[in-house]
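Student: my questions are about this predicted structure, shown below with the sequence.
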Amino acid sequence: MRKQIAAANWKMNLTFQQGEKLLDDILGADIKLKEYQQTLFAVPFPYLLMARSEVEELRNYYVAAQNCYHRKNGAFTGEVSPEMLHSLAVPYCVVGHSERREYFNETNAMLADKVNLCLENFITPIFCCGESLTIRESGTQNQFVETQLKESLFHLSAEKIKDIVIAYEPIWAIGTGKTASTDQAQEMHAHLRSILGKQYGKDVADNISILYGGSVKANNAKELFSCADVDGGLVGGASLIADDFIQIIRALK
């Protein structure tokens, strides 16, 4: 079975002490994950070591960085490279979140560089893709996300693409309270898998985890995760509430 993943994205929220308590509360639920299930915590850079120490003795719990820079090193004050993350034993990194694309003008070409550097440093990229409301309303969302994959991922070999996790973000459903219907989520996830299948073959595509990243909540996670091609969620606001995220973890297939 493909990996089923509950990934928390804290974004720029919580003090160190609040983050520590949140982790303690979630991990205190003592959820025993199955072999194919994982829970990830994408925390702000200053909290990575704390979070790693909280989960490192637990089976299938991991930390993730929320971003990295697209260059190996150099005079880039304030940036963090994949090599630095690797030196901290950080195994995952979110790449191309819609907020990074929108607020920091990250391009598909830049994200291809980030993906390459992550893989070179043994970090699994959680590659985000998705469309805005304008694109969805124009009916061109399928072509839009296909271009995102082609320009940022399709330079990879079949062997390398296996090390990628994809997160589909309907941008119109992030932080708005709107959620794609289960039919809309399944339709896009199946489309993404078909794009991967055309490029790399069905066997490869069938083994790549695709997460849903649009306002996943405790009360809709089970329904969303029940879709055949939805392999968990990249969770924003609900991951900041211990009881909610515990329910989301328990909703994994």
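Tutor: Arrived safely.
Student: from here on, just use CA atoms for contacts and neighbour counts.
Tutor: Fine.
Student: who are the packing partners of the host helix or strand of Gln148?
Tutor: Taking DSSP states H and E as the definition, one finds Gln148 inside helix 141-153. Packing partners of helix 141-153 (3 or more Cα pairs under 8 Å, 6 or more residues apart in numbering; DSSP states H and E): helix 108-120, strand 124-129, helix 182-200.
Student: comparing the ones you listed, which comes out most buried?
Tutor: strand 124-129 (a mean of 25; mean count of other Cα atoms under 10 Å).
Student: may I have that one as CSV, with CA atoms only?
Tutor: In CSV, the C-alpha atoms belonging to strand 124-129 read as follows (Å, rounded to 0.1, in the frame of the first residue of the first chain):
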residue,chain,number,x,y,z
THR,A,124,12.1,13.8,0.6
PRO,A,125,10.4,16.8,-1.0
ILE,A,126,6.7,17.3,-0.4
PHE,A,127,6.0,19.0,-3.7
CYS,A,128,2.9,21.2,-3.7
CYS,A,129,0.8,22.0,-6.8
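Student: going forward, count from 43.
Tutor: Noted, 43 is the first residue going forward, which turns the last one into strand 166-171.
Student: helices along the stretch 193-295 of the chain, start to end?
Tutor: Taking DSSP state H, counting those that start in this stretch to define them, one finds helices in the stretch 193-295 of the chain at 200-203, 224-242, 244-247, 263-267, 284-292.
Student: which secondary structure elements does the fourth one sit against?
Tutor: This means helix 263-267. helix 224-242, strand 274-277.
Student: for the longest one, what is the average pLDDT?
Tutor: Within the predicted structure, the mean pLDDT of helix 224-242 is 96.
Student: for the shortest one, same thing?
Tutor: Strand 274-277 comes out with an average pLDDT of 98.
Student: could you name the helices and strands sitting against it?
Tutor: Using 3+ Cα pairs under 8 Å, 6+ apart, strand 274-277 is in contact with strand 46-51, strand 252-254, helix 263-267.
Student: and the contacts of the first one?
Tutor: Residues outside strand 46-51 that contact it (Cα atoms under 8 Å, 6 or more residues apart in numbering) are 78-85, 108, 251, 253, 273-279, 281, 287, 290-291, 294-295.
Student: now the second one
Tutor: Residues from elsewhere that reach strand 252-254, judged by Cα under 8 Å, 6+ apart: 47, 207-211, 227, 231, 266, 271-276.
Student: swap in the last one?
Tutor: Here helix 263-267 makes contact (Cα under 8 Å, 6+ apart) with Thr224, Ala227, Tyr254, Val272, Asp273, Gly274, Gly275, Ile290, Ala293, Leu294, Lys295.
Student: who wins on neighbours among the residues you listed?
Tutor: Neighbour counts for the contacts of helix 263-267, by other Cα atoms under 10 Å, peak at Gly274, which reaches 32 neighbours.
Student: quick check: that one touching Leu294?
Tutor: Yes - between Gly274 and Leu294 a contact is recorded at 6.2 Å, counting by Cα atoms under 8 Å.
Student: now do the same for the residue in the chain sticking out farthest from the centre: its pLDDT.
Tutor: Going by Cα atoms, centre = their mean, the residue of the chain most distant from its centre is Ala117, 28.2 Å out. For Ala117, the pLDDT comes out at 98.
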